[in-house]
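Participant: model the structure of this input:
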Amino acid sequence: MTSDIQPLQFSSKGAYLITGGTRVSRCGLPPASEREANDVDLNNLISRIAELKALGVNVRVLSIDASKAGADSTLRHAIDELDLPPVKGVLHAAGIAKYHSILRCILSEVADVLATKVIGGLNLDTLFPPGTLDFFYLVSSVGKLVGFEGQLSYAAQTLSWRVWQLIEGSRSNLATRIITKGMQYRGLATMSIEEAFAAWDRFASLETDHVVVVRALELEVDEPLRHPVLKYITPRKQATHNITGSSFSNYPEDAIAIVDLACRTAAGDTTEDFWQTLRQGKAGKMWGNFMSDVESFDHQFFKKSKREAAALDPHQRIMLETTYKAV
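Facilitator: Purely as a prediction, here's the structure:
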């Protein structure tokens, strides 16, 4: 990490609010007696909370819909009841998705998706006005930039992420697998958690109000670009060359490469003949173009018997003669 990068700083004397991200319902964590043993998402969340608490982190889960009217007052009251240190940062990751194209989407569905992001963000802004936080991030999907179906309502967020790789041991649901496959088709690869946080450290010190964080899929050398927006960041695999003998790097700096050219066409037996024909436009009105003296193959010079020379394809004889002229 270069010296000019100022990573995101957290204070042990502050609290940090994260909306969404639990992958459970807005009803909050159910009592232990009401939890289903086969609820993988809920069990993973509880396990992660336990790991954070083991590290000394105080984790509280609140059941509040940030998109509802008066959610700022409700959240303020709930935070005060918890007797926590002052909130120093907010990560607004809550959201819902309705996977419809613009032709099938109705206004109420767009409003529902925007409510969590926009109205929820406005409520948080009311609760934490400018100057009261160290950071305030609004998180969205990067799908809107690469044309992923159903993401038309996600265009107004400040921090657009590609899918992170899941924590080891957790299970991806069907929607996540579909999104991942669709993103790969558009040239986006998943990011590891380490890569995502490294990117976060980089943009935390940037003076910008909008950031897109993606990891482009590595393509073959001649593979078409998956999406125009990835033109300048898509990595390409190294081309493989079947070169026999010593590597170019083994040659001395003053080595000389000898390159020559020869051709034989209906215009003549030299490259100059061919070039003059092109310059003068001597195509003419002919019913065919024929090379002259195609039978004048010197079989003895090329160490071929008369019988072998006669059996050679005319193209092979001309190739032998032309190659000799080139070298």
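Participant: quick one, strands of the stretch 1-150 of the chain?
Facilitator: Secondary structure of the stretch 1-150 of the chain (DSSP state E, counting those that start in this stretch): strands at 15-19, 87-92, 135-141.
Participant: give me the beta-bridge partners of the residue nearest in space to the middle of the chain?
Facilitator: Centroid-nearest residue in the chain, with C-alpha atoms, centre = their mean: residue 216, separated by 2.3 Å. For residue 216, the beta-bridge partners under DSSP bridges are residue 188.
Participant: all numbers from here: first residue = 566
Facilitator: Sure, I'll start counting at 566 from here, so that last one is residue 781.
Participant: show me the contacts for it.
Facilitator: Applying C-beta atoms under 8 Å, 6 or more residues apart in numbering to residue 781 gives the contacts 752-754, 795, 798-800. Heads up, the C-betas are built off the backbone N, CA and C, glycines and all.
Participant: what's the pLDDT at it?
Facilitator: Predicted confidence (pLDDT) for residue 781: 87.
Participant: for it, give its distance to residue 673.
Facilitator: Between residue 781 and residue 673 the computed distance is 36 Å (C-beta to C-beta, to the nearest Å).
Participant: same thing with residue 679?
Facilitator: Relative to residue 673, and taking C-beta to C-beta, residue 679 is found at 11 Å.
Participant: do the same with residue 652
Facilitator: 33 Å.
Participant: the more surrounded of the two?
Facilitator: The residue with more neighbours, out of residue 652 and residue 673, is residue 652; 19 against 9, by other C-beta atoms under 10 Å.
Participant: do a quick rundown of the helices in the stretch 666-815 of the chain.
Facilitator: 672-679, 685-692, 708-711, 739-750, 758-768 (DSSP state H, counting those that start in this stretch).
Participant: out of the ones you listed, which is closest to residue 639?
Facilitator: With C-beta to C-beta as the measure, helix 685-692 is the member of those nearest residue 639 (9.1 Å).
Participant: any idea which helix is longest in the protein?
Facilitator: The residue-count maximum for a helix in the chain (DSSP state H) belongs to helix 605-619.
Participant: which residue is the nearest non-sequential neighbour of residue 874?
Facilitator: Spatial nearest neighbour of residue 874, excluding adjacent residues (C-beta to C-beta, 6 or more residues apart in numbering): residue 864 at 3.7 Å.
Participant: that neighbour contacts residue 885, correct?
Facilitator: No - applying C-beta atoms under 8 Å as the test, residue 864 and residue 885 come out as separate, 10.0 Å apart.
Participant: show me the contacts for residue 601.
Facilitator: Shown in contact with residue 601 (C-beta under 8 Å, 6+ apart): residue 607.
Participant: gap between it and residue 586?
Facilitator: 21 Å.
Participant: same check on residue 750?
Facilitator: Distance of residue 750 to residue 586, computed by C-beta to C-beta: 26 Å.
Participant: what sits against residue 698?
Facilitator: Residues in contact with residue 698 (C-beta under 8 Å, 6+ apart) are 652-655.
Participant: go again with 10 Å.
Facilitator: Applying C-beta atoms under 10 Å, 6 or more residues apart in numbering, we find residue 698 in contact with 579, 581-582, 651-655, 689-690.
Participant: which helix or strand in this protein has the lowest average pLDDT?
Facilitator: Sorting the helices and strands of the chain by mean pLDDT, DSSP states H and E puts strand 724-726 at the bottom, at a mean of 53.
Participant: how much space between residue 672 and residue 616?
Facilitator: According to C-beta to C-beta, residue 672 and residue 616 sit 43 Å apart.
Participant: residue contacts, residue 836?
Facilitator: Residues counted as contacts of residue 836 (C-beta under 10 Å, 6+ apart) are 825-830, 890-891.
Participant: quick check: closest non-adjacent residue to residue 756.
Facilitator: Excluding the flanking residues, the one nearest residue 756 by C-beta to C-beta, 6+ apart is residue 780, at 4.7 Å.
Participant: correct me, but that neighbour touches residue 755?
Facilitator: Yes - look at residue 780 against residue 755 with C-beta atoms under 10 Å: they come within range, at 7.1 Å.
Participant: which of the contacts of residue 836 has the most neighbours?
Facilitator: residue 829 (20 neighbours).
Participant: go ahead and confirm it touches residue 879.
Facilitator: No - when contacts are counted by C-beta under 10 Å, residue 829 is not listed as touching residue 879 (11.2 Å).
Participant: joint contacts of those two?
Facilitator: Residues touching both residue 829 and residue 879 by C-beta under 10 Å, 6+ apart: 856, 859.
Participant: re earlier: can you put the helices of the stretch 666-815 of the chain in a markdown table and add distance to residue 856 and mean pLDDT?
Facilitator: Output for the helices of the stretch 666-815 of the chain, formatted as a markdown table (distance: least, C-beta to C-beta, whole Å; pLDDT from 0 to 100):
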| stretch | distance to residue 856 | mean pLDDT |
| --- | --- | --- |
| helix 672-679 | 70 | 79 |
| helix 685-692 | 76 | 93 |
| helix 708-711 | 54 | 70 |
| helix 739-750 | 51 | 72 |
| helix 758-768 | 61 | 85 |
